[in-house]
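Student: Next input, structure requested:
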Amino acid sequence: MTTPCLIVPPHILRRLAASGDPRVARAAERTLARSSAATGQRQVRAARSGENPRNAGGVGLIPPHLRERAEHRRQEAAPPRKTTATLERTIYDAQQGTSLPGRQVRAEGEEPTRDKAVNEAYDGLGDTWTLYWEAFGRNSLDDKGLPLIATVHYDKDFDNAYWDGEQMVFGDGDGTYFNGFTSAVDVIGHELTHGVTQYTVGFTYVGQSGALNESVSDVFGSMVKQRVLGQTAEQADWLIGQGLFTAKVKGEALRSMKAPGTAYDDPRLGKDPQPADMDGYQELPHDEQNDNGGVHINSGIPNRAFYLAATGIGGNSWEGAGLVWYDVITQGGLPKDAEFSAFATATIKAAGDRFGQGSSQQQAVESAWKTVKVTS
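Tutor: Down below sits the predicted model:
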């Protein structure tokens, strides 16, 4: 059994559960318990939604030359790029309960409410949908116009946000260490991208493939934020979840794609454990107690590779490295249990296919993976 796709990693919540502050500890313990309860729901809903059949059970049984020929034929027969799509959002309020979706409070096209969390969720869902449609031509998470649903004010002092296989869920935070989880648009983009991964490459949520699952969400979540702010790759801060921590925490954000391991260093939360390259890769048991092999920890390595590729190419990340990463997760060919090296090889090939063999863009991608010591 795996944990649901949560923005706050379990090692932080366990530190809070042992914080000595009774209210904060209770909130962290409830969040961990609710996370485990959501596990089965997410797995069932993800299976019911239908993952990309090109990746179903993909464990490399088909020889590469046949896969390449099949992919070439598929691309030749691909339908023309869609020209229209409709954004459909609905926001619900759980009112500090745990029944989903809750009471409907805002639908597509309705005016903002007096509830900041409702409006932030509504806008964040729209910003994420817009990135996928305008930058990549993708019509919602499933590329078929899937309506976007979100529930705010989930549970009491809930220290997390997650995608449950069908919808977004946002907690309000404990108010001591965490603010409300609708406040960071990259968090919304991150969690919705778990939905995109669910419908495309379907990375198994354990070990290196699980870390790739988390990293892909950070990559696209960061691009949502950069696009909203009008920032190039060079201008961006590459922080994930900036603003989630209260002033009580000594830290900037949950993660730094630019400098993994530097996002926070706090007496209560501990030090950011993310490695910046394979020298620091953490071999952990593939169980829930160890975050399924450290999927939120080791994701720092492919995160930094994307940052290096995006800044190496230059300009807007969604027009350079973002296109390469999108091609890799949507075009098929990768097994669900792909490791970092397989993903790196796929991105180098995709950069060559899109921008030309030997192009500066392909060289930037190749250099990025060498720098984080995934390839030699």
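Student: what stretches of the stretch 151-300 of the chain score poorly on pLDDT?
Tutor: Within the stretch 151-300 of the chain, no stretch has pLDDT under 70.
Student: Could you name the helices and strands sitting against the helix or strand containing residue 220?
Tutor: Under the criterion of DSSP states H and E, residue 220 resides in helix 207-229. Contacts defined by 3 or more Cβ pairs under 8 Å, 6 or more residues apart in numbering; DSSP states H and E place helix 207-229 against strand 5-6, helix 116-136, helix 185-199, strand 239-240, helix 291-298, helix 300-313, helix 321-330, helix 340-355. For every residue, glycine as well, the C-beta is placed using N, CA and C.
Student: Which of the three states applies to the closest residue to residue 32 other than its chain neighbours?
Tutor: Using Cβ to Cβ, 6 or more residues apart in numbering and skipping residues adjacent in sequence, the residue nearest residue 32 is residue 13, 5.2 Å away. The three-state label given to residue 13 by DSSP: H, G, I helix; E, B strand; the rest coil is helix.
Student: separation between residue 182 and residue 306?
Tutor: Separation of residue 182 from residue 306 (Cβ to Cβ, to the nearest Å) stands at 25 Å.
Student: Figure out how far the helix holding residue 220 is from the centre of its chain.
Tutor: Computed by Cα atoms, centre = their mean, to the nearest Å, the chain-centroid distance of helix 207-229 equals 4 Å.
Student: Same check on stretch 176-193?
Tutor: Centroid separation for stretch 176-193 versus its chain: 11 Å, with Cα atoms, centre = their mean.
Student: coming back round to it: figure out which of the helices and strands packed on helix 207-229 is closest to residue 106.
Tutor: Set against residue 106 and scored by Cβ to Cβ, those come closest in helix 116-136, at 5.4 Å.
Student: Which strands or helices does the helix or strand hosting residue 91 pack on?
Tutor: Here residue 91, judged by DSSP H and E, is contained in strand 89-93. Where contact means 3+ Cβ pairs under 8 Å, 6+ apart, strand 89-93 is packed against strand 103-107, helix 116-136, strand 148-152.
Student: Show the pLDDT at residue 19.
Tutor: At residue 19, the model reports a pLDDT of 84.
Student: got the contact list for it?
Tutor: 25, 28, 268 (Cβ atoms under 8 Å, 6 or more residues apart in numbering).
Student: Please identify the buried residues of the helix holding residue 220?
Tutor: 207-228 (16 or more other Cβ atoms under 10 Å).
Student: swap in stretch 89-101?
Tutor: Buried residues in stretch 89-101 (16+ other Cβ under 10 Å): 89-94, 98, 100-101.
Student: Tell me which two in the residues you listed are the farthest apart.
Tutor: Across these (Cβ to Cβ), the longest gap, 22.0 Å, separates 89 and 98.
Student: How much space separates residue 305 from residue 295?
Tutor: Counting by Cβ to Cβ - residue 305 and residue 295 are separated by 16 Å.
Student: Check residue 176 too.
Tutor: 26 Å.
Student: More neighbours: the two, which one.
Tutor: Neighbours were counted for residue 176 and for residue 295 using other Cβ atoms under 10 Å; residue 295 has more, 28 against 18.
Student: who touches the more buried one in this structure?
Tutor: 205-207, 210-211, 213-214.
Student: what's the closest of those residues to residue 354?
Tutor: Out of those, the member with the shortest distance to residue 354 (by Cβ to Cβ) is residue 213, at 22.8 Å.
Student: got the contact list for the closest one?
Tutor: Residue 213 neighbours (Cβ under 8 Å, 6+ apart): 5, 194, 197, 203-205, 295.
Student: nearest residue to it other than its sequence neighbours?
Tutor: Residue 213 sits nearest to residue 203 (Cβ to Cβ, 6+ apart), 4.0 Å away.
Student: repeat for residue 229
Tutor: That would be residue 236: by Cβ to Cβ, 6+ apart, it lies 7.7 Å from residue 229.
Student: any idea how far residue 225 is from the one you found?
Tutor: Taken as Cβ to Cβ, the span from residue 236 to residue 225 is 8 Å.
Student: Which residues are in contact with each of the two?
Tutor: With contacts defined as Cβ under 8 Å, 6+ apart, no residue is shared by residue 236 and residue 225.
Student: before we move on, the earlier item: and the residue nearest to residue 229, helix, strand or coil?
Tutor: With three-state DSSP as the basis, the three-state label of residue 236 is coil.
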